[in-house]
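A.B. asks: Prediction below, plus the sequence it came from.
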Amino acid sequence: IKIAVPDDQQPDHTITEQTSLNQADLYRLSGDYNPLHVDPATAKSYGFEQPILHGLCTLGFAARHVINACLEGDGQRLKSFRCRFTKPVIPGDRLRTEIWEESSGCGVLFRTWAERCTGGEDGTPADPIIVLDGGAAQFFS
C-alpha cells in the first residue's frame, strides 16, 4: 500500500531538529556497531561519500517529532508507525518532519526532509532532500 502525503495542503505541524556531528557515535550505544556509520573507509566501500546515520536513529527523530507535535509527548499512545526510507542522513544534517493530521484524530501522515549542513562558505544548507516518505502513524485514543 502506497501512502502519499497531500501535496495540495500545507502540513499541520512542521518540526525541525539538528542532528549532531557525533550522532552516529551516540547511537552506537544502542548496540549497533556497524562501521558503516562511523568509519569513512567502510562508508566509501559501500558507495557513500562519508559515514551515514543509522536508519533507526533517523526513524527515532521522526517518531519523536510526531509524538511531541500530536500526542503531547505521550509515546504510549503511539499504536503504529511506518514509512519508507528514501535517502541516507549524514550526521550533522538538519531534519524537518512535516505532519498532516487525519480528520479522525486517530493518526497522521508525515514525511521527513534532511538539509545537508556541510558548512559551505556562507553556512547555508544544501537543497533539502526527502529521507523518509509515505509515513503514517496511528494512535490509541
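C.D. replies: Arrived safely. Numbers count the residues shown, from 1 in each chain.
A.B. asks: And the longest helix anywhere in the chain, what does it pack against?
C.D. replies: In the chain, taking DSSP state H as the definition, the longest helix is helix 55-70. Applying 3 or more Cβ pairs under 8 Å, 6 or more residues apart in numbering; DSSP states H and E, we find helix 55-70 packed against strand 13-18, helix 23-27, strand 78-85, strand 94-101, strand 107-115, strand 129-139. The C-beta positions use only the backbone N, C-alpha and C, and glycine is treated the same way.
A.B. asks: okay, now the residue nearest to Asp25 when sequence neighbours are not counted: neighbour count?
C.D. replies: Nearest residue to Asp25, sequence neighbours excluded (Cβ to Cβ, 6 or more residues apart in numbering): Val38, at 6.2 Å. For Val38, the tally of surrounding residues (other Cβ atoms under 10 Å) stands at 17.
A.B. asks: Pretty sure Pro51 is one of the things Val38 touches, is it not?
C.D. replies: Yes. Look at Val38 against Pro51 with Cβ atoms under 8 Å: they come within range, at 5.4 Å.
A.B. asks: returning to what we had before: okay, the residue nearest to Asp25: pLDDT?
C.D. replies: The model reports Val38 with a pLDDT of 93.
A.B. asks: Return every residue with contacts to both of Val38 and Pro51.
C.D. replies: Ala24 (Cβ atoms under 8 Å, 6 or more residues apart in numbering).
A.B. asks: Starting from the lowest-mean-pLDDT helix or strand in the chain, tell me the next helix or strand along the chain.
C.D. replies: Least confident helix or strand of the chain, by mean pLDDT, DSSP states H and E, is helix 23-27 with a mean of 87. Following helix 23-27 in sequence order, the next helix or strand is helix 40-45 (DSSP states H and E).
A.B. asks: Need the contact partners of that next one.
C.D. replies: Against helix 40-45 from outside (Cβ under 8 Å, 6+ apart): Pro35, Leu36, His37, Glu49, Gln50, Pro51, Ile52.
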